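**Q** I'll drop the sequence and a predicted model, then ask my questions.
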Amino acid sequence: MSLFDDHFAAKNAASARAWAMDEEKKKRDKREPLPPKMGVCDKCHREALVRPYRSRQADKMDGATSFGTVTRLLCEECAPKSRRERDAEVPQLSNKQVKNLMRSAKKGLL
Ligand SMILES: [Zn+2]
């Protein structure tokens, strides 16, 4: 019986340590995004599961640009993509860039 008790005590101590570590982790992870909750997306204004996202925003006031951090509730669709996903994306060319590209291509052909 004492063997069982020792085992139980060891297991208990281990889980107590694990719990303490979890608590420490929770404290450190406080700034991580919160789990999604029902709300209205700030971008598409649909009711969906949203998460608060902090983003940098530049405001132009009286000719001076000030940078601030705003928190927006965004649904999964509108949520900013992770850096890895962004890197995998093919850069989208603007109309102007496409025109410039076409022009230089034509110049090269002529
Ligand atoms: Zn949205």
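**A** Perfect, I can see it now.

**Q** mind showing which ranges of this protein have poor pLDDT?
**A** 1-4, 28-34, 83-91, 109-110 (pLDDT under 70).

**Q** show me how it divides into domains.
**A** The chain breaks down by automatic domain parsing into domains covering 1-31, 33-88.

**Q** check the ones you listed for me and report the most buried one.
**A** Mean neighbour count (mean count of other CB atoms under 10 Å) peaks for domain 33-88 among these, with a mean of 12. Using the backbone N, CA and C atoms, a C-beta is placed for each residue, glycine as well.

**Q** kindly list the longest helix within the chain.
**A** Ranked by residue count and defined by DSSP state H, the top helix of the chain is helix 2-28.

**Q** all helices for the protein, in order.
**A** Using DSSP H, helices in the chain cover 2-28, 83-88, 95-109.

**Q** returning to that earlier point: quick one: which of the domains of the chain is nearest the ion?
**A** domain 33-88 (3.1 Å; CB to the ion).

**Q** so who does the closest residue to residue 40 other than its chain neighbours touch?
**A** Nearest non-adjacent residue to residue 40, counting by CB to CB, 6 or more residues apart in numbering: residue 47, 5.4 Å away. Applying CB atoms under 8 Å, 6 or more residues apart in numbering to residue 47 gives the contacts 38-41.

**Q** quick one on the thing from earlier: with distance to residue 52 added, can I get the helices of the chain in CSV?
**A** Formatted as CSV, the helices of the chain follow (distance: least, CB to CB, whole Å):
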stretch, distance to residue 52
helix 2-28, 18
helix 83-88, 19
helix 95-109, 34
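
**Q** can I get those in a markdown table with distance to the ion?
**A** What follows is the helices of the chain, written out as a markdown table (distance: least, CB to the ion, whole Å):
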| stretch | distance to the ion |
| --- | --- |
| helix 2-28 | 29 |
| helix 83-88 | 17 |
| helix 95-109 | 25 |
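
**Q** great, nothing more from me.
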